[in-house]
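**Q** How does the following fold in three dimensions:
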Amino acid sequence: MSDVVCPILDNYNYQVLRNLSTRSTDASFECSYPGCSAKYRRKEHLKRHTLQHNQESHISCPYCQRTLTRGGVLSDLLRRHIRIHHLQRQLPRSSRAQKACSACRARKERCDGEFPCGSCQQRGINCSLTGRGTRSDGQDTGTEVQATHALSTSTEPSSALSGTFRWNFHEYTNTYFNVFHPVWPFLHRATLDPLKEPRVIVQSVLMIGLWIDGRRDTAIELHCRLRGAINAQRSQWDVSNPELSQNTRTSWPMVTYQAILLHIILAMFITKEKATFDLGLRYQIEAEEYDLLVSLVQSCRQLGMFLYPNMLAQYDDTAPAVLVWVGVEETKRFGLALYKVCRMCTCDSAGSRSQLLSLADLSFGMPGSDESWNAPADVGTEELQRLALQTNYRENGEPEWWISRSSTVLYDNLVDFDWI
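**A** Next up is the predicted model:
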């Protein structure tokens, strides 16, 4: 059978060939950018092309007026600038098309490229995308995260662990909340987004997840790096000595304090491996870690964090009730976890136990129910508010409900028996 030629397609091919043949002869406007040989027949086309070179050499930060040089929209320079100067901001999305996760590809569904993607989250299955768009099978989806990028925290310069280990945010975050969180429930899972939180807390969660998952050496190395980051920014969070502190904040650095607490807890885990206890069966942590604990306790005392009226004062009258409830619960549970750590820790050069947190410091009532605290992220605001109101009696601001009141019964200055 003879070939049939479509006249429309044949005319299209003719026009394409004609354009290709005349481009080199008719093009009179050449790009003067070094190394570029592009030619155009129209001046406006050349002008539009030239703008691309200008954008590559000068980048404006989307969050401030600063102009950066070198690289494209997602260059390392812009990433570093945003991570240092705009901690709460998200990195601009790549212009490259997002690739689907393995599950969406298998179902031939649209994938939003988020971590985890909306489809996998709705089905309650593990998503093959990691924190920056990399599939767990190692295939790049546009923004692969290796240790070099994953390890720079909000308080330290970019650094890397040895090797080419790739973080799987989803896996280790799940390990943290499924295994560690039931024992130490002071982070709010429903509002903790690894892509939006300051990386010092995200990497602290990863550190715990790595330890529980058996990657002890990697967890210890990350623990050491985070210690350096925390100490490097000590003047920003340590207000134990107001005269030396440079911190003039009015809000509490809760995320940083949570990260420090996780850091100290892992120090206890490491000590447990060495089986070093005192006669009171307390973990004898390193002096540097103990000093960090004392500074954290004294800073919390200086800020009045564990006084119930001060917790409420962190929010104005227009703040949503659920937001206030989550913030107060977070502070209460952090206080209880910090007290628990203080009860379990000591060191060879430890001073008076009065440096650490006691029941007398906890001037607030018991937290709300675990059901409301652990409610999943897809629970609506109204439902969460209903759960919170079920335990409203625990939120009573009357001092007789405060934990600190129990200290008058449980403690006696004439009885030096360390029993609780």
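
**Q** Could you list the single helix or strand in the protein with the lowest mean pLDDT?
**A** Here the helix or strand of the chain ranked lowest by mean pLDDT, DSSP states H and E is helix 147-150, holding a mean of 32.

**Q** Could you identify the helix or strand that succeeds it?
**A** Next helix or strand after helix 147-150 toward the C-terminus (DSSP states H and E): helix 169-175.

**Q** Just the mean pLDDT for that next one, thanks.
**A** Averaged across helix 169-175, the pLDDT comes to 86.

**Q** Only C-alpha atoms, please: export that helix in PDB.
**A** C-alpha atoms of helix 169-175 as PDB (Å, rounded to 0.1, in the frame of the first residue of the first chain):
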ATOM      1  CA  PHE A 169      12.900  12.200  56.900                       C
ATOM      2  CA  HIS A 170       9.700  10.200  56.800                       C
ATOM      3  CA  GLU A 171      11.200   7.000  58.100                       C
ATOM      4  CA  TYR A 172      13.100   8.400  61.100                       C
ATOM      5  CA  THR A 173      10.300  10.900  62.000                       C
ATOM      6  CA  ASN A 174       7.900   7.900  62.200                       C
ATOM      7  CA  THR A 175      10.400   6.000  64.300                       C
END
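
**Q** That one: which residues count as buried?
**A** 169, 170, 171, 172, 173, 175 (16 or more other CB atoms under 10 Å). In short, each C-beta sits where N, CA and C put it, glycine included.

**Q** can you pull the contacts of the fourth one?
**A** Same thing as residue 172. Neighbour list for residue 172: 205, 206, 209, 210, 213 [criterion: CB atoms under 8 Å, 6 or more residues apart in numbering].

**Q** for the last one, same thing?
**A** With CB under 8 Å, 6+ apart as the criterion, the residues that contact residue 175 are 208, 209, 212, 213.

**Q** pLDDT of stretch 331-350, averaged?
**A** 90.

**Q** quick one: buried residues of that stretch?
**A** So for stretch 331-350, counting by 16+ other CB under 10 Å, buried means 331-347, 350.

**Q** likewise stretch 251-263?
**A** Neighbour-count burial for stretch 251-263 [16+ other CB under 10 Å]: 252, 253, 255, 256, 257, 258, 259, 260, 261, 262, 263.

**Q** Show only the entries of those found in helices.
**A** Mapping these onto helices (DSSP state H) picks out 255, 256, 257, 258, 259, 260, 261, 262, 263.

**Q** Quick check: the last one vs residue 205, distance?
**A** If you measure residue 263 against residue 205 using CB to CB, to the nearest Å, the figure is 11 Å.

**Q** One more: the first one?
**A** Using CB to CB, one gets 11 Å for the distance from residue 255 to residue 205.

**Q** same question, the fourth one
**A** For residue 258, the distance to residue 205 (CB to CB) stands at 9 Å.

**Q** Now list whatever residues contact both of these two.
**A** With CB under 8 Å, 6+ apart as the test, residue 258 and residue 205 both reach residue 187.

**Q** what ranges do the strands span in this structure?
**A** 29-30, 39-40, 58-60, 67-69, 283-284, 345-346 (DSSP state E).

**Q** least reliable of these going by mean pLDDT?
**A** strand 67-69 has the lowest average pLDDT among the strands of the chain, namely a mean of 49.

**Q** end-to-end on stretch 358-370?
**A** For stretch 358-370, the first-to-last residue distance is 23 Å (CA to CA, to the nearest Å).

**Q** May I see the buried residues of that stretch?
**A** Neighbour-count burial for stretch 358-370, counted by 16+ other CB under 10 Å, picks out 358, 359, 360, 361, 362, 363, 364, 365, 367, 368.

**Q** Let me know the pLDDT of the fourth one.
**A** Translated: residue 361. pLDDT recorded at residue 361 is 94.

**Q** which regions of the stretch 251-400 of the chain sit below the pLDDT cut-off?
**A** 275-278, 350-352, 377-397 (pLDDT under 70).

**Q** Please repeat the previous calculation with a cut-off of 80.
**A** 273-281, 321, 348-353, 376-398 (pLDDT under 80).

**Q** Tell me where it has helices.
**A** Along the stretch 251-400 of the chain, the stretches classed as helices by DSSP state H, counting those that start in this stretch are 254-274, 287-303, 308-313, 321-344, 370-373, 381-390.

**Q** With distance to residue 218 added, can I get these in a markdown table?
**A** Below are those laid out as a markdown table (distance: least, CB to CB, whole Å):
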| stretch | distance to residue 218 |
| --- | --- |
| helix 254-274 | 12 |
| helix 287-303 | 19 |
| helix 308-313 | 36 |
| helix 321-344 | 23 |
| helix 370-373 | 30 |
| helix 381-390 | 36 |
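
**Q** Nearest to residue 223, out of these?
**A** Among those, the nearest to residue 223 by CB to CB is helix 254-274 (5.3 Å).

**Q** what packs against that closest one?
**A** Applying 3 or more CB pairs under 8 Å, 6 or more residues apart in numbering; DSSP states H and E, we find helix 254-274 packed against helix 199-212, helix 216-232, helix 234-237, strand 283-284, helix 287-303, helix 321-344.

**Q** Of all these, which one is nearest residue 410?
**A** Comparing these by CB to CB, helix 321-344 comes nearest, at 12.5 Å.

**Q** The closest one to helix 287-303, inter-axis angle?
**A** Computed by axes from the mean of the first three to the mean of the last three CA atoms, to 10 degrees, the angle separating helix 321-344 from helix 287-303 equals 140 degrees.

**Q** Begin at 51 from now on, thanks
**A** Fine by me, first position is 51 from now on; the one you just mentioned is helix 371-394.

**Q** And for the closest residue to residue 305 other than its chain neighbours, the neighbour number?
**A** Closest residue in space to residue 305, ignoring its immediate chain neighbours: residue 251 at 4.9 Å, by CB to CB, 6 or more residues apart in numbering. Using other CB atoms under 10 Å, residue 251 has 22 neighbouring residues.

**Q** right, and residue 251 touches residue 308 too?
**A** Yes. If you go by CB atoms under 8 Å, residue 251 and residue 308 touch, sitting 5.8 Å apart.

**Q** joint contacts of the two?
**A** By CB under 8 Å, 6+ apart, the residues touching both residue 251 and residue 308 are residue 237.

**Q** okay, now residue 425: neighbour count?
**A** 18.

**Q** Would you list the phi and psi of it?
**A** Phi and psi for residue 425, reported as degrees, to the nearest 10, are phi -60, psi 140.

**Q** which residues of the stretch 151-300 of the chain score low on pLDDT?
**A** Applying pLDDT under 80 to the stretch 151-300 of the chain flags residues 151-219, 244-246, 291-300.

**Q** what do you get if the cut-off is 50, keeping everything else the same?
**A** 181-216, 298 (pLDDT under 50).

**Q** With that, I have no additional questions.
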